[in-house]
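K.L.:
3D model of this:
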Amino acid sequence: MKICVLVNDTPYGVMGLRARHLTTPLCASHHIDILYREAGKLTEMRRFSRFIQENRPDLLYIMNVGYAGGGAALLAKCRFHMPYILDHGDPSYDLLRSSGRPMWESWLVHGAEWTMLRSADAVVARGAALAVSIRQRRPEGVHFLPDGVDLTRFKPLNVDTLRDQNGMSDTLTLGIVGSIVWSDRFQMCYGWDIVEVVARLKDHPVKGIIVGDGTGIAHLKKRTEQYGIQDRICFTGRVSHDDVPRYINMMDVCISTQTNDAVGHARTTAKLPEYLACGRFIIATDVGGAREVVHENGFLLPYQGVYDPDHPARLAERIEWLLQNPDTLSQGIKGVEAARNLFDYNELAKQLARIIDQIV
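P.N.:
I've put the predicted structure just below:
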């Protein structure tokens, strides 16, 4: 069978990685082509459509709602009656509204999302709550397939040398991995709570690690200057995905902050399975997929709305407790079993193979 995967992302983004991990085990029985979006929307939609017309795959697999991949899939369905599966991770309308985008753009994307969900031959939802929400609009053909992890690479590692190189020895380190995108509407971004907590605990042996880049980095660095904690936060910038396991293992505590809204409820997040697989202690907000996997291996904290000004204080209180009870951090290793049982990409690929068999 010929399967064409259209990724509304670059080869180096989260969706590109997921596409390769899910489909590589299928190459033994199917011919897989993966096309990534690396230029403008219309340019890539034309390129995707031209590839489809010339190669006539038996099935399209669309990674995320997007004009390039989505438009090409809808055209192929109209012209060639070609089936497609939509791999969906976020409620697009709610995501755009929370980021402060114009109303007209949010409604335009909402219309595209609704059209793709209705016309897809199957929908793969990356969050359990998102799957439930989609089933209210189309009861059949909705499958939950969470973000996964490559267990051969993400595992507990000794990174003492890396800690020494970054001045993280003899301190409690807390950190995150992700895209640091600034929201003008809420004056915050991913990682804001790391800076606030380290500022609150600057008289304690606590340091922060922020792995990733984006428009929010400059804002976070400015805050560290205002708080006088420039030497207590390590900004790594963009890190190769091959090196991410080492940086995660440098974190004693991984912070997973999901907002308490439609976007946060729908998510598992790609990083949570990686934190689990590395056996890190996790402090997560009591929202979305974290509820199912953070138990003895971490703490769940309440969170209100999109921006919760009381969150840093609650988080700092838990960090202070861990400083007094450092042996508790070893319980993070219990997350490895959860990663193996729930998020192993090899097992998720087998589930995807069964979904494909049902369609074609």
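
K.L.:
switch to C-alpha atoms for all contacts and neighbour counts from now on
P.N.:
OK.

K.L.:
so what's the residue count around R354?
P.N.:
In terms of burial, R354 registers 10 neighbours under the definition other CA atoms under 10 Å.

K.L.:
how near is F186 to W192?
P.N.:
For F186, the distance to W192 under the criterion CA to CA, to the nearest Å works out to 11 Å.

K.L.:
those two - which one has more neighbours?
P.N.:
Set side by side, F186 and W192 give different neighbour counts by other CA under 10 Å, the larger being at W192 (20 against 12).

K.L.:
for that one, which non-adjacent residue is closest in space?
P.N.:
With CA to CA, 6 or more residues apart in numbering as the criterion, W192 has its nearest non-adjacent residue at 6.7 Å, and that residue is L220.

K.L.:
which residues touch that neighbour?
P.N.:
G191, W192, V195 (CA atoms under 8 Å, 6 or more residues apart in numbering).

K.L.:
same question, V293
P.N.:
V293 touches G335, A338, counting by CA under 8 Å, 6+ apart.

K.L.:
next, give phi and psi for it.
P.N.:
Backbone torsions for V293, taken as degrees, to the nearest 10, come to phi -130, psi -10.

K.L.:
immediately after the least confident helix or strand in the chain by mean pLDDT, which helix or strand?
P.N.:
Least confident helix or strand of the chain, by mean pLDDT, DSSP states H and E, is helix 92-98 with a mean of 58. Going down the chain from helix 92-98, the next helix or strand is helix 103-119, by DSSP states H and E.

K.L.:
that next one packs against which elements?
P.N.:
Other elements packing on helix 103-119 under the criterion 3 or more CA pairs under 8 Å, 6 or more residues apart in numbering; DSSP states H and E are helix 67-80, helix 92-98.

K.L.:
relative to helix 67-80, how tilted is it?
P.N.:
Counting by axes from the mean of the first three to the mean of the last three CA atoms, to 10 degrees, helix 103-119 points 40 degrees away from the direction of helix 67-80.

K.L.:
what is the following helix or strand past helix 103-119 packed up against?
P.N.:
Where DSSP H and E defines the elements, the next helix or strand beyond helix 103-119 is strand 122-125. Under the contact criterion of 3+ CA pairs under 8 Å, 6+ apart, the helices and strands touching strand 122-125 comprise strand 84-88, strand 142-144.

K.L.:
of those strands, which stretch is the most buried?
P.N.:
Across those, averaging neighbours per residue (mean count of other CA atoms under 10 Å) puts strand 84-88 on top, at a mean of 25.

K.L.:
sheet partners, orientation included, of that one?
P.N.:
Neighbouring strands of strand 84-88 in its sheet, by DSSP bridges, are strand 59-63 (parallel), strand 122-125 (parallel).

K.L.:
pull the residues that contact the first one.
P.N.:
It refers to strand 59-63. Taking CA under 8 Å, 6+ apart as the criterion, the residues outside strand 59-63 that touch it are 2-8, 15, 19, 69-70, 73, 82-88, 360.

K.L.:
now with 7 Å?
P.N.:
Strand 59-63 has contacts (CA atoms under 7 Å, 6 or more residues apart in numbering) with 2-8, 15, 69-70, 82-88.

K.L.:
buried subset of the residues you listed as a PyMOL selection?
P.N.:
Only the buried members of these end up in this PyMOL selection, burial being decided by 16 or more other CA atoms under 10 Å:
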select buried, resi 3+4+5+6+7+8+15+69+70+82+83+84+85+86+87+88
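
K.L.:
closest to A125 among the contacts of L220?
P.N.:
Within the set of the contacts of L220, G191 lies nearest A125; the separation is 25.7 Å, counting by CA to CA.

K.L.:
local confidence estimate at T285?
P.N.:
Reported pLDDT at T285 in the predicted model: 95.

K.L.:
got any ranges where this protein has weak pLDDT?
P.N.:
91-107, 262-268 (pLDDT under 70).

K.L.:
that older thread, among the contacts of L220, which are in helices?
P.N.:
In helices, judged by DSSP state H, the following of these are found: W192, V195.
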